[in-house]
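>>> From the sequence below, what's the structure:
(2 chains)
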Number of protein chains: 2
Amino acid sequence: MKRIDFEAHFITDEWVSMMFERKGYPRYVRDKETNRCRVLWGPDGDEPIGDILLNKLLDLGEGRLKDMDAFGIDVQVLTLTTPGVELFDADTATELARKINDALSEVIKRHPDKFIGYAALAPQNPEAAADELERCVTELGFKGWKTGSNYGDSYLDEKKYWPILERAERLGVPVYLHPTFPAIPQLRTSYGFALAGAPFGFGVETAMSMMRLILSGVFDEYPSLKIILGHLGEGLPFLLKRIDYPYVKPWFLADARPPLERKPSECLKTNVFVTTSGNYFDPAFMCTYQALGIDRILLGTDYPYEDAEECMEFLKGLPISQEDKDKVYSLNAGQVGIGV
Amino acid sequence: MKRIDFEAHFITDEWVSMMFERKGYPRYVRDKETNRCRVLWGPDGDEPIGDILLNKLLDLGEGRLKDMDAFGIDVQVLTLTTPGVELFDADTATELARKINDALSEVIKRHPDKFIGYAALAPQNPEAAADELERCVTELGFKGWKTGSNYGDSYLDEKKYWPILERAERLGVPVYLHPTFPAIPQLRTSYGFALAGAPFGFGVETAMSMMRLILSGVFDEYPSLKIILGHLGEGLPFLLKRIDYPYVKPWFLADARPPLERKPSECLKTNVFVTTSGNYFDPAFMCTYQALGIDRILLGTDYPYEDAEECMEFLKGLPISQEDKDKVYSLNAGQVGIGV
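Residues are numbered from 1 along each chain as shown, chains lettered A, B, ... in the order given. Take a look at the predicted model:
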């Protein structure tokens, strides 16, 4: 039984160059005093990722495999880090996505037992992105698409992006809806990463993106579409009952809510999987476990941004059965198209 | 031992008139076809509150007392409904707040054993608001301030509002930070209330407002300041560990995070109380219970927007001891200045 990590990130040398050369935000910069690498999120905030992290993201060989062995991870699902190709203009992004997917395919060919690929796509060109997803799945053997939680001024719920979702459903591959730097202006403040990033804003905007998807009716249109959320569902398990409010209160008029065939909570319970990444807190895990059920939880370490050892120790110590743990480590992967 | 409901809303006739007369959003309108009252949140969304709810909000006598008896609530902490006086220009809001506080004081004089008041304040005039809070507490016997989660283009963390927080700390009364219609543009969509309102947006923006307060350092400046959040802490208990990220990762540079004397989670555990309102879901309650501890949870029914009977049945059925339940119903009130 192989342990499969659904959230492991990488970058390529070309990607790093483009991020350093990029004007505007976010971009990579080198701190003059400390010579450390930072991601500059905006004039007021940055993320001091440092060279160790940068090098771990770049390493798609020995160092990464050694880390995986050390933490007891058999397989990593590799995804281009956040922010993704969605940053660039449509043509640049479309071309870059193809190059990154090809590079990832070469890595997987070298270690077919250790790595699985999720496509990078440029939703700025929805039809081209759908075609690229099909190429990645049918020709390169990829098993899904990883997307950022916003595309600047829009989200995945907009109808123009549905061709990609239609294709994902038809190909039977999931969409990993992952945080990126939030577009919400009230999160982009002098508090920087502490408000906008991993501690809070990442999750809030991704949860909002997920809620918008549900309310758009996309799961009525594509009922087999599967979404994966990181960080134990970005807080949505806690809100599972509350999100149904306009659909269950007897005095709520039907014309004042989006028409849906199923309640929002039902979409969340049947179309969504969550990974364990970055929320190593028993009460949050148990809330998720009780809200969604163990069959919806996948292993995710958020390598190398989070400590994979902390993740594995946390899961080991959870007050659930070994059978349940094995589902998280491995067995649930079958539901998102990965045989173990 | 009296059962004290910390989240019960009211309106006055004058308030209703002003909401119907108001230009722009939100405002009350009467649906021509059905003759039902709606709160029009924006061109794309409304909340069909109806006359039953409107009348329950207006009733500060017999009907309300009958409901309280039926649900086993001994005392209601009364607060002006959302959206509050923060809607209006500074002078109108300041005058209106004073009138509403005086009207509330009269209601309490009629039923001193049944009602406790939280002030309505106009933070648009911070010094005047601080003085009005002091008048409400020292002259009218009020026990706190209830504020909306945004003031249009700003939040409570801005330094200009700190004089009110300074006064609240000095007077020893808590601030109930309650949702109002979110200012976040990405929540104001054609999905209306289903995205922006109680199901999701209310909580997200209030949680953000709370996070901004923490990161502003206001709890270093006023270490005894107490904040009350509704809806089991608006999801923050689920994120309790994650919000500390920039303060615990060894590679996170101190100059890339706001300087705080205590970790965000510690502020949340020592300066914040949460009420039970509107999230009647065992996994969410147990997550809150484990994250913050039973001593931080207060009874709140969100009367009349939520079903108070559902709240009381939910609490009755929780897998916690009677001693713990009594803390929620009553005993914890002492920590926010209400003797039982």
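
>>> Does stretch A:156-172 reach chain B?
No - no part of stretch A:156-172 sits near chain B under the criterion C-beta under 8 Å from any C-beta of the partner chain; the closest distance found is 8.6 Å. All C-beta spots, glycine's among them, are computed from the backbone N, C-alpha and C.

>>> That stretch: which residues count as buried?
Residues of stretch A:156-172 classed as buried by neighbour count (16 or more other C-beta atoms under 10 Å in any protein chain shown): A:156-157, A:161-169, A:171.

>>> Phi first, then psi, for whatever residue of the stretch 1-150 of chain A ends up closest to chain B.
Among the residues of the stretch 1-150 of chain A, A:Pro48 lies closest to chain B, at 4.2 Å counting by C-beta to the nearest C-beta. Note on A:Pro48: backbone dihedrals following degrees, to the nearest 10 are phi -80, psi 80.

>>> Go ahead and confirm it touches A:Arg36.
Yes - if you go by C-beta atoms under 8 Å, A:Pro48 and A:Arg36 touch, sitting 6.2 Å apart.

>>> hmm, back to that, now render the buried residues of stretch A:156-172 as a markdown table, adding secondary structure, distance to A:Gly148 and pLDDT.
A markdown table is the format used below for those (DSSP: H, G, I helix; E, B strand; the rest coil; distance: C-beta to C-beta, whole Å; pLDDT from 0 to 100):
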| residue | secondary structure | distance to A:Gly148 | pLDDT |
| --- | --- | --- | --- |
| A:Leu156 | coil | 9 | 98 |
| A:Asp157 | coil | 14 | 98 |
| A:Tyr161 | helix | 12 | 98 |
| A:Trp162 | helix | 17 | 98 |
| A:Pro163 | helix | 18 | 98 |
| A:Ile164 | helix | 13 | 98 |
| A:Leu165 | helix | 15 | 98 |
| A:Glu166 | helix | 20 | 98 |
| A:Arg167 | helix | 18 | 98 |
| A:Ala168 | helix | 15 | 98 |
| A:Glu169 | helix | 20 | 98 |
| A:Leu171 | helix | 20 | 98 |
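
>>> and of the residues you listed, the nearest to chain B?
Using C-beta to the nearest C-beta, these come closest to chain B at A:Asp157, 8.6 Å.

>>> a helix runs through A:Leu290, doesn't it?
Leu isn't right for residue A:290; it's Gln. Yes - the assignment for A:Gln290 is a helix, going by DSSP: H, G, I helix; E, B strand; the rest coil.

>>> That one: neighbouring residues, count only.
By other C-beta atoms under 10 Å in any protein chain shown, the residues close to A:Gln290 number 17.

>>> quick one: the helices in the stretch 201-340 of chain A?
A:201-215, A:218-221, A:231-234, A:245-248, A:264-271, A:282-292, A:308-316, A:322-329 (DSSP state H, counting those that start in this stretch).

>>> is the first one anywhere near chain B?
Yes - legend: contact between helix A:201-215 and chain B by C-beta under 8 Å from any C-beta is shown at A:201, A:203-205, A:207-208, A:211-212, A:215.

>>> cool, the second one as well?
No - between helix A:218-221 and chain B, judged by C-beta under 8 Å from any C-beta, nothing touches; the nearest distance is 12.5 Å.

>>> For that helix, name the packing helices and strands.
Where contact means 3 or more C-beta pairs under 8 Å, 6 or more residues apart in numbering or on different chains; DSSP states H and E, helix A:218-221 is packed against helix A:162-171.

>>> Tell me what angle the helix it packs on forms with helix A:201-215.
If you take axes from the mean of the first three to the mean of the last three C-alpha atoms, to 10 degrees, helix A:162-171 sits at 80 degrees to helix A:201-215.

>>> How many residues are close by the residue of the stretch 1-150 of chain A closest to chain B?
21.

>>> What of A:Pro283?
Using other C-beta under 10 Å, the number of residues around A:Pro283 comes to 21.

>>> picking up where we left off before, would you turn the helices of the stretch 201-340 of chain A into a markdown table with mean pLDDT?
Compiled in a markdown table, those are given as follows (pLDDT from 0 to 100):
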| stretch | mean pLDDT |
| --- | --- |
| helix A:201-215 | 98 |
| helix A:218-221 | 98 |
| helix A:231-234 | 98 |
| helix A:245-248 | 96 |
| helix A:264-271 | 98 |
| helix A:282-292 | 98 |
| helix A:308-316 | 97 |
| helix A:322-329 | 98 |
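
>>> give the contact list for the residue of the stretch 1-150 of chain A closest to chain B.
Contacts here follow C-beta atoms under 8 Å, 6 or more residues apart in numbering or on different chains; on that basis A:Pro48 touches A:31, A:36, A:38, B:251-253, B:256.

>>> Which of these fall in strands?
A:Arg38 (DSSP state E).

>>> From the contacts of A:Pro48, list the buried ones, please.
Buried by 16+ other C-beta under 10 Å: A:31, A:36, A:38, B:252-253, B:256, out of the contacts of A:Pro48.

>>> Take those residues and lay them out in TSV including pLDDT and distance to A:Ile320.
As requested, the buried ones among the contacts of A:Pro48 are exported to TSV (pLDDT from 0 to 100; distance: C-beta to C-beta, whole Å):
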residue	pLDDT	distance to A:Ile320
A:Asp31	84	43
A:Arg36	86	40
A:Arg38	91	39
B:Phe252	88	31
B:Leu253	87	37
B:Ala256	91	36
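
>>> now, which of the residues you listed sits nearest B:Gly42?
Closest approach to B:Gly42 among the buried ones among the contacts of A:Pro48 (C-beta to C-beta): B:Ala256, at 36.6 Å.

>>> before we move on, the earlier item: who wins for most neighbours among the residues of helix A:201-215 next to chain B?
A:Gly203 (30 neighbours).

>>> Next up, the contacts around the residue lying closest to that one once chain neighbours are set aside.
Among residues not flanking A:Gly203 along the chain, A:Glu234 sits closest, at 4.2 Å (C-beta to C-beta, 6 or more residues apart in numbering or on different chains). The contact partners of A:Glu234, by C-beta under 8 Å, 6+ apart, come to A:179, A:202-204, A:206-207, A:210.

>>> any residues in contact with both of A:Pro48 and A:Arg36?
Residues touching both A:Pro48 and A:Arg36 (C-beta under 8 Å, 6+ apart) are B:Leu253.

>>> how close does A:Gly84 get to A:Tyr155?
According to C-beta to C-beta, to the nearest Å, A:Gly84 stands 15 Å off from A:Tyr155.

>>> As a quick check, tell me the outermost residue of chain A.
Of all residues in chain A, A:Trp251 has its C-alpha farthest from the mean position, at 37.1 Å, by C-alpha atoms, centre = their mean.
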